[in-house]
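Asks: missing the sequence, but the structure's below:
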């Protein structure tokens, strides 16, 4: 089985950034429902928008599956792993969520 995970980078219009590694490929709604997103909105209420940069990766061979919590912790503690030749970026996307009208998205 190959393992599937994503790196989610959020940045507000005021320049505040946060990053999180998650299992699978999250949909926009999942990102907006995440602790990371909610904390960023709470901390940066004066922001006009939040830009989401999402990169999804695969490592290993065979049918892809979401990585386990233990694998996720290992990846978080070894950030250079994402850039190794064992890992392939399979998706990269960027979109903007207008704040405070959460849910409106502009694709860039």
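Replies: Here it is on my side, so go on. Computed from a prediction, not measured in an experiment: that's the story for all the values here.

Asks: Okay, now the unreliable bits of this structure?
Replies: 45, 99-108 (pLDDT under 70).

Asks: Now do the helices in it.
Replies: 28-32, 35-43, 69-77 (DSSP state H).

Asks: Touching the last one from outside, list them.
Replies: For helix 69-77, contacts defined as C-beta atoms under 8 Å, 6 or more residues apart in numbering pick out 3, 5, 21-23, 67, 81-82. Any C-beta I mention is one placed from the backbone N, CA and C, and that applies to glycine too.

Asks: from the residues you listed, which is closest to residue 92?
Replies: The closest of these to residue 92 turns out to be residue 82 (C-beta to C-beta; 12.2 Å).

Asks: sorry, back to before: which ones among the contacts of helix 69-77 map onto strands?
Replies: 3, 5, 21-23 (DSSP state E).

Asks: Cheers, nothing more for now.
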